[in-house]
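[1] output the structure for:
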Amino acid sequence: MLTSREIRQKFLDHFAQRGHTIVPSAPMVVKDDPTLMFTNAGMNQFKDLFLGNREAKHKRIADTQKCLRVSGKHNDLEEVGIDTYHHTMFEMLGNWSFGDYFKAEAIQWAWELLVDEYRIDTNDLYVTYFGGDAKDGLEPDEETRQLWLKYLPSERILPFSKKDNFWEMGDTGPCGPCTEIHVDVRTAGEKAAKAGKGLVNNDHPQVIEIWNNVFMQFERKADGSLHTLPAQHVDTGMGFERLCMVLQGKRSNYDTDVFQPLIQALAKQCGKPYGAEEKADIAMRVIADHLRAISFAIADGQLPSNTGAGYVIRRILRRAVRYGYSFLGFNEPFMHDLVPVLVGQMGEQFPELRKQQDIVKNVMLEEEKAFLRTLEQGTKRIEQALVESKGVLPGDKAFELFDTYGFPIDLTQLMAREQGREVDMSGFESELKKQKDRSRAATAVTTGDWVELGKGETAFIGYDELSTTAHILRYRKVSGKGGDQFQIVLDRTPFYPEGGGQVGDQGWLIHGDDQVEVIDTKRENQLIVHFTKDLPKNVESALTAQVDTSRRALTARNHTATHLLHHVLRKHLGTHVEQKGSLVAPDRLRFDISHFAKVTPEELATIEREVNAMIADDIVFEDKRNVPIAEAKNMGAMALFGEKYGDNVRVVKFGPSVELCGGTHVPRTGTIGPFRIVSESALAAGIRRIEAITSVEAERMINEKLEKLDALNALLKNPSDIVQAVEKLMEQHASMGKELEKFAKEKVKGLAASLPANAKANGKGAKFLVERLDLDAQSLKDLGYQLREQQPDLAFIAGSVIDGKPLLAVSLGKAFMDGTGLKAGDLIKQLGPLIKGGGGGQPDFATAGGKEPGGMAEALKKAAELLG
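    You can find the predicted model right below:
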């Protein structure tokens, strides 16, 4: 039986022998395509080739691509672990032809691999082809059917509709008919009882699609029409995990050697054998799948967060932890311990996973700890909500737990059922839909077709020039909530597109008196796109593309400073320090690094001094372009994780600092000016964030501090040693504070002795006291405690207004509570609204703060009525 490693290698070898260049997987986290957060198909990294944005360097390519499908059109999340073949993260084996071979070769080579190399029984194979679409005016793909008849009888060659056999990149873009290869892995008895033909494309877990061959023939326009592409392409994708299931004779992807090492390690951790109990089995499959997705995402540079791609990763991780918590008995972090098992399996094919193993483990551990705390807190909130609901838990309350506190809805349902309650799921779904509708409305964008004015690619000249004559190659209109914008592509441009942490350039497109502001520049795949509010009046004339030179200069200073900072950090903290993210803007720089301890103030001071020393040395910029990647690494250039590099790269060198970088830099470090670190903080486990400023911003900060120092000197009558003078003031302040605290305690003690004389009887053998006092919150708490100890049959309610803010306190002695059944928390809930506030506390003591001091008299009057 072939191992998964052997299966993967056979695929790559098969296509290498047929003239394909084998390329590495692109990062799973997408950085230069605004339409995607994650790579969700093998073709994503070649999207610009299909769109015709650049020429293909290799006409034939094959690879194995790590993919993630968890949102949008391609969303397999809820099926994961329940069935046998859906996954979040998966490998897509693929081969591509860019204007080279087409249907005949693609079908022949697919057959040769599956039958001759992998030895799949031909009697188990079915293929599908496009059966035509009247709306699009497309005939059935008879060519594909005829090609398959060379290998299979007609009853195994099945036509299907556009839904199953016409592949589209999106609402617009390249598309075409496809042919899918399905395999029937049922038992002989099952096959005899029912032919596989009727189970194809029917979601049967053992009659599954393993390979899709897409024949890119058309381009879908914004109006829905189809136009024939000038060149025909092949885009194929074969699910690696499904292929392993077939070749290893299993009935589930999770029973293959791709997943079993993880599942068995997990079973050992929780003490439950896999295969013994359905819910535990589902949990183990979910965790094994999700662990892969989370690990690869973090290794590619995507840390869990509360927004965007980071939120998706956090959601996957929390889903896995929740399954472990609910069905495997894990109350402590457990997933991080499985990372070495995954690295042992996949670290050879994907070396970034091995390299980032420690970061992955530590980030995962901290996320697990945080979510387990959330589960604990959420459990208490649910218990409280169930008590308050007295029946069905309202949908809006369940949604609040889900949306605000991150508590999974299915766990809410489970806990409700354990108490014999139900959750109003229709109400929950209604709230969820409202949220999605709000989000969709906020991000809704209508993108028009490109208007083509010329052919060719954009020449980027921004390293050497900040102004040039250019022509518009294409433009399109984009309409969204913020109004209309235009996206413009030029034949040559000095505008740097956002990338590598550096913000995009701004500037102008000028033609005579017509001046159009460029508000941003971004890269969409390989296109450099200029964003404008308006379109030049004459789109066909030559225009001047002019970068905002002042803004570019400030950005370049910060980018070069980032390189110097990186070098000095590695020098002083250790070579384990690697860049994990950055932002380079005109007014600031932000640098995220791998480091497992807080950078001390002393270390930061040393680092700042040394960066400034490198700036003062006025080191000359050495810009080495089109350097072979191997040569660049031999020069000591640092490659950044999560980035995909070509065969030739740009090396940026400032003395001892040597990095691969595509950004803009200063000609000499002396032009940067002063460098100041403004903050250092934790971003995630093992990840520190340093924020700094240079040049104009650093000078402004220094001047502001000097002005404050001068003002302080003046206030203190220009002492000879201002630090000593401030220390003396602080000592005096602390001494006065202690005196005030002593006075407050004496005041409370006196009130505790005198106030009970004002108490009134309530007719139930108990006493109550309602007073307005001039006390702060702590003094009210101390007074309440003393009265409860001295007068157990006394109820005491006090109001106070400090600095315009009203405060109420309720203190009940034990005997009073036993005799009346009243609780402080219940009383404060009735009184708090009268001062436009709220609060809570214990049965014997509760407080409420408010916004309306004018309501204090009414609140105290109400208090007397409640106690009397």
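[2] quick one: the strands in the stretch 201-350 of the chain?
    Under the criterion DSSP state E, counting those that start in this stretch, the stretch 201-350 of the chain contains strands at 207-220, 226-239.
[3] identify whichever of those lies nearest to Glu540.
    strand 226-239 (22.2 Å; C-beta to C-beta). C-betas here are computed from N, CA, C, even on glycine.
[4] returning to that earlier point: out of the strands of the stretch 201-350 of the chain, deepest packed?
    Of the strands of the stretch 201-350 of the chain, the one with the most neighbours on average (mean count of other C-beta atoms under 10 Å) is strand 207-220, at a mean of 22.
[5] check the offset of that strand from the chain's centre.
    Put simply, strand 207-220 sits 30 Å off its chain's centre (C-alpha atoms, centre = their mean, to the nearest Å).
[6] what of stretch 550-562?
    When distances are taken as C-alpha atoms, centre = their mean, stretch 550-562 is centred 27 Å away from the chain's centroid.
[7] could we number from 62 for the rest of this?
    Got it, the first residue is 62 from now on, which makes the last one we talked about stretch 611-623.
[8] in that stretch, what's buried?
    Arg612, Arg613, Ala614, Leu615, Thr616, Ala617, Arg618, Asn619, His620, Thr621, Ala622, Thr623 (16 or more other C-beta atoms under 10 Å).
[9] can you dump the C-alpha atoms of stretch 597-607 in PDB for me?
    Extracted in PDB, the C-alpha atoms of stretch 597-607 (Å, rounded to 0.1, in the frame of the first residue of the first chain):
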ATOM      1  CA  PRO A 597      -9.200  61.500 -16.400                       C
ATOM      2  CA  LYS A 598     -11.300  63.500 -19.000                       C
ATOM      3  CA  ASN A 599      -9.300  62.000 -21.900                       C
ATOM      4  CA  VAL A 600      -8.500  58.400 -21.100                       C
ATOM      5  CA  GLU A 601      -6.700  57.800 -24.300                       C
ATOM      6  CA  SER A 602      -4.100  60.700 -24.100                       C
ATOM      7  CA  ALA A 603      -0.700  60.500 -22.600                       C
ATOM      8  CA  LEU A 604      -0.700  61.800 -19.000                       C
ATOM      9  CA  THR A 605       1.800  62.500 -16.300                       C
ATOM     10  CA  ALA A 606       1.800  60.000 -13.400                       C
ATOM     11  CA  GLN A 607       3.200  62.000 -10.400                       C
END
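[10] pLDDT of it, averaged?
    Averaged across stretch 597-607, pLDDT comes to 94.
[11] now swap in stretch 346-364 and tell me
    If you average the pLDDT over stretch 346-364, you get 93.
[12] re earlier: which one of the buried residues of stretch 611-623 is nearest Gln106?
    Nearest to Gln106 among the buried residues of stretch 611-623 is His620, at 25.8 Å by C-beta to C-beta.
[13] just say helix, strand or coil for the closest one.
    Taking DSSP: H, G, I helix; E, B strand; the rest coil as the rule, one finds His620 in the helix state.
[14] so it touches Thr725, yeah?
    Yes. In this structure, His620 is within contact of Thr725 by C-beta atoms under 8 Å, at 6.2 Å.
[15] which residues do these two both contact?
    Residues touching both His620 and Thr725 (C-beta atoms under 8 Å, 6 or more residues apart in numbering) are Gln563.
[16] for the strands of the stretch 262-411 of the chain, which one sits closest to Lys594?
    strand 268-281 (27.9 Å).
[17] may I have the strands that pair with the closest one, each with its orientation?
    Paired neighbours of strand 268-281 in the sheet (DSSP bridges): strand 234-245 (antiparallel), strand 287-300 (antiparallel).
[18] give me the most central residue, the chain.
    Gly371 (1.2 Å; C-alpha atoms, centre = their mean).
[19] surely Arg737 forms part of a strand?
    Yes. Counting by three-state DSSP, Arg737 is found in a strand.
[20] OK, contacts around it?
    Glu669, Ala753, Ile754, Thr755, Ala759, Met762, Ile763.
[21] that one and Leu790, how far apart?
    As judged by C-beta to C-beta, to the nearest Å, Arg737 and Leu790 stand 27 Å apart.
[22] same check, this time on Gly900
    Distance, Gly900 to Leu790, by C-beta to C-beta: 36 Å.
[23] next one: Ile676
    With distances taken as C-beta to C-beta, Ile676 is found 37 Å from Leu790.
[24] who has more neighbours out of the two?
    Applying other C-beta atoms under 10 Å to Ile676 and Leu790 shows that Ile676 carries more neighbours, namely 24 against 12.
[25] confirm that that one sits in a strand.
    No. With three-state DSSP as the criterion, Ile676 is assigned helix and is not in a strand.
[26] hang on, it packs against Arg729?
    No. Counting by C-beta under 8 Å, Ile676 stays clear of Arg729, with 9.4 Å between them.
[27] low-confidence ranges, the stretch 112-261 of the chain, go.
    132-139 (pLDDT under 70).
[28] for it, which segments count as helices?
    Ranges of helices within the stretch 112-261 of the chain are 164-172, 203-209, 223-226, 249-254, based on DSSP state H, counting those that start in this stretch.
[29] out of those helices, which gets nearest to Phe829?
    helix 223-226 (73.9 Å).
[30] which residues does Thr621 contact?
    Phe682, Phe715, His726, Val727, Thr730, Ile733.
[31] and for Ser356?
    The contact partners of Ser356, by C-beta under 8 Å, 6+ apart, come to Val400, Leu403, Leu414, Val421, Met425.
[32] now, those that are in helices?
    Assigned to helices by DSSP state H, the following of these qualify: Val400, Leu403, Leu414, Val421, Met425.
[33] quick one: the third one from Leu514, how far?
    Leu414 sits 45 Å away from Leu514, taking C-beta to C-beta as the criterion.
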